Every structure is written in C-alpha cells, then in structure tokens.
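Peer 1: structure here, sequence nowhere to be found:
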C-alpha cells in the first residue's frame, strides 16, 4: 500500500494495489474508489483532503491483523 498527497490540488490517494483500475465508483462528492473488473477496490481518492481527514494521520499507521507479521 502507498499513500500520496498532492498539496497543490489538495488530493490524497491511497493505493492498495499497483494495477490499473478498470472503473471508478463515486461514494461521495470527491471520494472515489478505483476498482477492478471483478469489483476489488485497488485505490481510494479523496479530493479536498485537508477538509475531510487529518493529513498527518495519513502517514501514521498501526496494524492489528493475523495476516500482518513483522519481517
């Protein structure tokens, strides 16, 4: 997963998988899910990001999952 923020356009993008999306679903004005043909979510775009989320929180993460392990 990669996280990008463009301050010039105030847009955040959370890339879950590094593949080209087949489609986009708008779930709210300025919030889009990039999807594959089989409806997997591979990215999340947030426009006017500084008004919708805490930008510093984008770059801090915690993992609590049986699938995650320290390497």
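Peer 2: Nice, I can see it. Remember, it's a predicted structure, so these values are computed and weren't measured experimentally.
Peer 1: thought residue 58 was touching residue 3?
Peer 2: Yes: between residue 58 and residue 3 there is a contact under CB atoms under 8 Å: 5.3 Å. Backbone N, C-alpha and C define where each C-beta goes, glycine included.
Peer 1: what do the two both touch?
Peer 2: Shared contacts of residue 58 and residue 3 (CB atoms under 8 Å, 6 or more residues apart in numbering): 12, 14.
Peer 1: ranges for the strands of this protein?
Peer 2: For the chain, applying DSSP state E gives strands covering 2-6, 11-15, 23-28, 31-35, 41-47.
Peer 1: before we move on, back to that, of residue 58 and residue 3, give the one with the bigger neighbour count.
Peer 2: Taking other CB atoms under 10 Å, residue 58 and residue 3 do not tie; residue 58 has more neighbours (15 against 12).
Peer 1: show me the contacts for residue 23.
Peer 2: Residue 23 makes contacts with 34, 35, 36, 37, as judged by CB under 8 Å, 6+ apart.
Peer 1: should've said residue 45
Peer 2: By CB under 8 Å, 6+ apart, residue 45 lies in contact with 11, 12, 13, 31, 32, 33, 34.
Peer 1: ok, residue 49 next?
Peer 2: 5, 10, 11, 12, 55.
Peer 1: where does pLDDT dip in the chain?
Peer 2: Within the chain, the segments meeting pLDDT under 70 span 68-71.
Peer 1: so for this protein, the centremost residue is which one?
Peer 2: In the chain, the residue lying closest to the centroid (CA atoms, centre = their mean) is residue 14, at 2.3 Å.
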